[in-house]
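Peer 1: quick one, structure for this:
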Amino acid sequence: GAIIHQWDFHAAGQERWNLTLNNRDGFYSIKSVYSGQYVGVENDATSSGAAIKQYPVGSTNGTKWRIEATSSGNYKLAARSGVSFSRVLSVDPSGGNSNGTDLKQYQYSNDSDYKDEWVFYKKPIDYTLMYLGVENGDPHVISLINDVVHSMDTASMEGYAASSMSKIEALTYLCSSKIFSSYTHANTDAIRLTNDVALELQDIKNLPADAFADADMVLLCACVSGDGGANGDNFVNAVKSKGAKVAIGFDGQIHQNSALPWLRAFMDKLSEYKSIKAAVAYANNFDPTNEMASSIYINGDPSIVPFY
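Peer 2: Numbers count the residues shown, from 1 in each chain. Model prediction:
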């Protein structure tokens, strides 16, 4: 009967859920990866403001959930016990975005604060691309994303691509992608996600040891992301320490005229189900300055073939 509340994402089992569809009635059960218990409305209540807790059995109407898309592209979740009253799963409005705010059921509001709408992240997906480039709106990024997505589509891979991300989105996709490929600016302590938002090295260090266990490869195509190599306190080593099979970065400065053709060729070769080692060798042929080959740092076994 523990109360369920919201918290900043940190990739622990308490924040992961398995959804199972009951084909007989069209409702889902939502089971905690951490506790093995089910999300439910306290006492199968129909009232607004009823508490949301976890329960060992997921067979009551309060633990069966209807999931429907909203006009905003998100989802609303209604317990079977509250469907006829238009009750949905919501963050308690009195707590706003604060850590520790309880989840409750309320009348669906269909407004722009989205306290009662939810986003689902499939785990794992084949790939995520986070290509910011030099800055927000970098004109080279759109063609890069289109080219890489086309290669992935041709290989029948499913994924997500963006030219910027929030910190929560970046951490979520890092935890749920077989391949995470980024192209952006960095220094030794932070990787830029937008012009104003960065993923900090400490954010990675704060994650549990198995946070990136589903990742075959994390590529951080950014300056000094592998600063100091094997002995460095860098992003590559931090990502590898959290369960990624292979992490790749660069021990030095890289520039757009080298990084763009190298990255495009590297991802294209990976989409042919080639090893990381083969993709690196192929991409090096497209680097006019040889700075990518001279500064690349790989932590992990480059002979693995991602997606297999």
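
Peer 1: give the contact list for the residue nearest to the spatial centre of the chain.
Peer 2: In the chain, the centroid-proximal residue (C-alpha atoms, centre = their mean) is Tyr173; its distance is 1.4 Å. Neighbour list for Tyr173: 121, 125, 128, 130, 160, 165, 180 [criterion: C-beta atoms under 8 Å, 6 or more residues apart in numbering]. For every residue, glycine as well, the C-beta is placed using N, CA and C.

Peer 1: where's the dip in pLDDT among those residues?
Peer 2: pLDDT across the contacts of Tyr173 is lowest for Tyr121, at 81.

Peer 1: surely Trp65 and Asp25 touch.
Peer 2: No: if you go by C-beta atoms under 8 Å, Trp65 and Asp25 don't touch, sitting 10.9 Å apart.

Peer 1: which parts of the stretch 201-308 of the chain are helices?
Peer 2: Counting by DSSP state H, counting those that start in this stretch, the stretch 201-308 of the chain has helices at residues 201-205, 235-241, 256-270, 276-284, 291-295.

Peer 1: what's the closest of these to Thr154?
Peer 2: helix 256-270 (9.5 Å; C-beta to C-beta).

Peer 1: can you list contacts of that closest one?
Peer 2: With C-beta under 8 Å, 6+ apart, helix 256-270 has contacts from 133-134, 140, 144, 147-148, 151-152, 179, 181, 183, 217, 219, 221, 276, 278-280, 282-292, 306-307.

Peer 1: just the buried subset of those, please.
Peer 2: Burial by neighbour count, judged by 16 or more other C-beta atoms under 10 Å, picks out 133, 144, 147-148, 151-152, 179, 181, 183, 217, 219, 221, 276, 278-280, 282-284, 286-287, 291-292, 306-307 from the contacts of helix 256-270.

Peer 1: returning to that earlier point: between Trp65 and Asp25, what contacts are shared?
Peer 2: Joint contacts of Trp65 and Asp25 (C-beta under 8 Å, 6+ apart) are Arg80.

Peer 1: follow-up on the earlier one: restricted to strands, list the contacts of Tyr173.
Peer 2: 125, 128, 130, 160, 180 (DSSP state E).

Peer 1: any idea what the third one is bridged to?
Peer 2: Spelled out, that is Met130. Ala162, Ser182 (DSSP bridges).

Peer 1: now do the contacts for it.
Peer 2: Taking C-beta under 8 Å, 6+ apart, one finds 162, 164-165, 170, 173, 180-184, 193 in contact with Met130.

Peer 1: try 6 Å this time
Peer 2: Taking C-beta atoms under 6 Å, 6 or more residues apart in numbering, we find Met130 in contact with 162, 165, 182.

Peer 1: which one of these has the most neighbours?
Peer 2: Greatest neighbour count in those, by other C-beta atoms under 10 Å, goes to Ser182: 27 neighbours.

Peer 1: gap between it and Val236?
Peer 2: From Ser182 over to Val236 the distance is 12 Å, taken as C-beta to C-beta, to the nearest Å.

Peer 1: Asn74 too?
Peer 2: 34 Å.

Peer 1: looking at the two, which has the bigger crowd around it?
Peer 2: Each of Asn74 and Val236 had its neighbours counted (other C-beta under 10 Å), and the higher figure belongs to Val236 (29 against 13).

Peer 1: angles on the backbone of Leu19, please.
Peer 2: Here the main-chain torsion angles of Leu19 (degrees, to the nearest 10) amount to phi -100, psi 130.

Peer 1: what residues are bridge-paired with it?
Peer 2: On the basis of DSSP bridges, Leu19 is bridged to Ile30.

Peer 1: pretty sure it is in contact with Tyr28, am I right?
Peer 2: Yes: using C-beta atoms under 6 Å, Leu19 is in contact with Tyr28, at 5.0 Å.
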